[in-house]
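# Provided below for reference: sequence and predicted model.
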Amino acid sequence: MSAPIQSSSTSSDLFKSTINEYLDNLPEAVHSQLYRSPETCLAIFRLLPSLAKFYIMTLLFQETAIPYADLNRWIKPQKATGHHRNANKIYQNESIKRLKALNLLKEIRKKVKHPTTGKLTTIVFVQLNPIFRQSFRDALTGFRDGIPRDQSEKIAETIEEAEAESEKTLETSSVSSSSGPSLENLFATKFKITVGFLDSYCLAKWENILHFMVGSKIKHYPSIGVLTLLRYSGLMELPSDRRHRQSVDADEDNFVVDDHYIDGERGPPSGEELKSLLITKNGFQFLLQDINSQIWTLLLQYLKMSEKLMMNPVDVLNFIFMLGSLELGEGYPIKVLSDTQLIMLEDLVDYGLIFYPKSENSEDTKGRIFYPTRLATSLTSESTKFKTASTVLNEQISNTDSNQGKIIIETNFKIYCYTTSPLQIAILNLFVHLKIRFANMVTGIVTRESVRGALINGITADQIITYLESHAHPGMVKKAEEKYAKKMEFETSIGNSYTADQIKYEVLPPTVVDQIKLWQLELDRIQTFKGYLYKDFANDFEFEKLLSYGEEIGVIVWRDKIHRKFFVTSDGNAQLIEYANRILRKSASRSVTPST
Amino acid sequence: MDAIADRAFVDVQSGKGNLHRVVDETPSLLIVILDVSPLEWKKLMDSGTLDFKNVVSALLVMLNSHMALNSGNKVALYIANSYLHGAELVYPWFDDRDDSSDGSEQNSKRRRMNADNILKASGIYRQFRIVDESIVDKLDSLIKEEPSKLKSMVNKGNTHIKGTLSGALSQALSYINRLQKSDEHSGLKARVLCISVSGDSALPYVSIMNSIFAAQKMKISVDVCKLGPDSTFLQQASDATNGVYIHINNPDGLIQYLSTALFIDPLLRPIVVLPTNTSIDFRASCFITNKLVDVGYVCSVCLCILSVIPDDERCPTCHSKFDHNLITRLKRKPKVLPLKMGNKRKKRVVDK
């Protein structure tokens, strides 16, 4: 019934909302600077809800502004009955809100003469942000007057050709000399970097960071840049940080504490010191996310850190979004990058997002090429359920070093996980009571205590569930698919479309999922919402009218029809007040008193 | 037993959210069937309303926009009504010679060098460029070779087209089916867009209806962008499959149609009002004469539709023998009853 403001969300959602939030909160000037880059437009476009995308497409080739009402006309009306709020309407509102927050949609008010009555009325027209419209059109049509990108493309092509040529010569030479070419030689002769090589390269880099986080023994520590970022983002902390935090306030958020450590008080910790970093609660949550969200979490922290370091956020964002539109396995010259982006390049190499071969003749910086890895090119692909780059990556992990492990969970809460990786076991240990470890498998049981332990550490039930789902054994997935297909077939065969819609695709046993969620509910019996209470209505009419409107746009948290009261979320309040004023103006002026 | 294992804990809020998240994130496949019938295009281009180049460039922009929606989105293009190829897949085309990948790469580069006039490959997103270039290349070679093929066909006295729209449609459906069955793309949503210029006469009725029903069964929408004469069958196709049928009279704004009315993702369809026409011509075509039938005969065995009864009194499709008595009764012309009429007239005359 109630709509939690911080609705429970899966890890991928978490990322999406955070990057969206970050983008939303940028000032308009930054937005318009961002929209000059077609790649960025494309990436931002992909982050929008489907309906918002559709709206943009309808407006994209429209030279004139169109009435706001036309946007509503696309949406199928749906009867809002009882507690079933109009889902379409809510979805539309969300979409439009996003468009406005990103300054993509501009409202223009125009006085228009009514054709029959001749009265002047104000009609709201909407138009796409002109800068965005131009860049996005360019991105889609491929026509652009701007010079820089053209050149870069040409460079890319010439380099491709040069590569192909050198490859030929390499082939012939290697045949004649018949000696196995060493790695350095290959880089020197611009050896074609294969996708497989890039995959294993970025995985090794990324895994190394994760292994460092769980504290397993590793040969090469991640670079100082990575360690600083891990500490800054509150995923890890120095022993001294921990003591400090515990002494200041046991409950304080790690992010805040870390912030003023970065800001000074003491000099930055040395590299040696940083190697003794310990993982925090947030760090554990981080480990449970899928690889794509992990990267985004780090990149967002990187964005925040780069702002402090006075790096231009537009450059940084453009570079991140550009990476998403690059082709895997292709080389790109560093010449096209700005100075800020060159600094970033080095950092991104540390995270494994980019492969940047060190050439022997270091003075020849102009011709150097960087290769985006799969971690980078899958940044803007968002699909979770389908086989995208990130799942390919996960499979790669499981194939190469069988680190990802395959989990079987039974209805009796027993867990079997085929893994040898200390990383996987450490993660499982967060919420599973592990019992026995075999050569290639660990077994354990999910208990109330183990889950509560995880929950108290700040890990949510949804995180546990999605982790189990995404690492489920193929056998479980197959069984779930069969069951889903069977149910679906049965329901559709008897024509029960309503039930057919309700059928869920469940990989995990529902009992286990429910129980984990119930255990979480045990802990938070009280939910808090910020918002406004509406009471003391003059009459039933006003109450009903406002309530139904509020329900329609989905901002009502709680209602009491007998005492004529309801509670509205803080962000929905303005909209409701606007509506209230409108109907009040229409009817006789009666007072509604909003109170907090 | 199953009921016990069912989930009891239903989170309404997340359920709604999930629905929309699925809408937001599910990749989809767009298959475009482009009617390239040379004679029809000649007619349209001579009338000055339509230009093949413009249509293709609008189409390419649309394909790009579809790929822009989601990184998992895919496109495919079929051509139909070509004298040279019949119905054929233009993109993605599969190279059989996998081993000679270097050679084909060189080829593609050479092709890129001989850049076409329609598309200046300048600052364009790489993925788009690959698609656009291969499509333009293929269409370019098609246009070059088509006239000679057409001439030779006409010289032989054979103007029969081998691959019609229905052929392309059934190929497209098979393509979708194959993708959806594969592990990689299971659950991929798909829709088909036909850009048609030919009239109904070019469509074989039975096969087009069969493809429509197949699409309906697969829950794949068939959108139709109709240039030139109106088509009854394609109207029925879009109606049966919850698609959009738009007959475009003013092709200058084609890109606006393609990016708005014909751009509704399969998953958005439950939410969005479809801008299609509601009055649909449901007439069927005669199996013998291939003309639209207002009132006709139907074979009681195979439901074959006839406007005339064949002389041998057998169904042309299933060869079942019609009842001779019945046919004579059906064929009987309405009789005028002269006697009564005569009486009345006489009476009236008498009255006067």
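On my side now, so go ahead.
# do stretch A:544-553 and chain B meet?
No: Stretch A:544-553 is not in contact with chain B by C-beta under 8 Å from any C-beta of the partner chain; minimum separation 13.2 Å. Every residue, glycine included, has its C-beta placed from N, CA and C.
# That should have said stretch A:314-325, apologies.
Yes: using C-beta under 8 Å from any C-beta, we find that stretch A:314-325 touches chain B at A:324-325.
# helices and strands around whatever helix or strand residue A:407 lives in, which ones?
For residue A:407, the element it lies in under DSSP states H and E is strand A:406-409. Where contact means 3 or more C-beta pairs under 8 Å, 6 or more residues apart in numbering or on different chains; DSSP states H and E, strand A:406-409 is packed against strand A:414-418, helix A:474-493.
# so how far is the longest one from its chain's centroid?
Relative to its chain's centre, helix A:474-493 lies at 29 Å (C-alpha atoms, centre = their mean, to the nearest Å).
# Equivalent analysis for stretch A:121-140, please.
26 Å.
# hey, C-alpha coordinates of that stretch in CSV?
Output of stretch A:121-140 as CSV, limited to C-alpha atoms (Å, rounded to 0.1, in the frame of the first residue of the first chain):
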residue,chain,number,x,y,z
THR,A,121,-5.4,30.8,-23.1
THR,A,122,-2.0,29.8,-22.1
ILE,A,123,-0.8,26.5,-23.5
VAL,A,124,2.4,24.8,-22.5
PHE,A,125,4.5,23.8,-25.4
VAL,A,126,7.5,21.5,-25.1
GLN,A,127,10.7,21.5,-27.1
LEU,A,128,13.9,19.5,-27.0
ASN,A,129,17.0,21.2,-25.7
PRO,A,130,18.4,22.6,-29.0
ILE,A,131,22.0,21.6,-28.3
PHE,A,132,21.0,18.1,-27.4
ARG,A,133,18.7,17.9,-30.5
GLN,A,134,21.5,19.0,-32.8
SER,A,135,24.1,16.6,-31.3
PHE,A,136,21.7,13.7,-31.2
ARG,A,137,20.6,14.3,-34.7
ASP,A,138,24.2,14.3,-35.7
ALA,A,139,24.8,11.1,-33.8
LEU,A,140,22.0,9.4,-35.6
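# secondary structure class for residue B:246?
strand (DSSP: H, G, I helix; E, B strand; the rest coil).
# what do you get for residue A:371?
Three-state call for residue A:371 (three-state DSSP): strand.
# What distance do you get for the residue lying closest to it once chain neighbours are set aside to chain B?
Nearest non-adjacent residue to residue A:371, counting by C-beta to C-beta, 6 or more residues apart in numbering or on different chains: residue A:355, 4.3 Å away. In this structure, residue A:355 and chain B are 18 Å apart, going by C-beta to the nearest C-beta, to the nearest Å.
# what secondary structure does residue A:77 sit in?
coil.
# Give me whichever of the helices and strands packed on strand A:406-409 is most buried.
strand A:414-418 (a mean of 19; mean count of other C-beta atoms under 10 Å in any protein chain shown).
# just checking, next helix/strand downstream of that strand?
helix A:422-428.
# Identify the residue of chain A closest to chain B, quick one.
Here chain A gets closest to chain B at one residue, residue A:142, 3.1 Å apart by C-beta to the nearest C-beta.
# Can you give me the domain assignment for chain A?
Chain A resolves into domains spanning A:11-141, A:193-377, A:531-595 when parsed by automatic domain parsing.
# export these to a markdown table and tack on mean pLDDT, mean neighbour count and distance to residue A:433?
Listed next are the domains of chain A as a markdown table, based on pLDDT from 0 to 100; neighbours: other C-beta atoms under 10 Å in any protein chain shown; distance: least, C-beta to C-beta, whole Å:
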| stretch | mean pLDDT | mean neighbour count | distance to residue A:433 |
| --- | --- | --- | --- |
| domain A:11-141 | 79 | 17 | 23 |
| domain A:193-377 | 72 | 17 | 16 |
| domain A:531-595 | 79 | 16 | 37 |
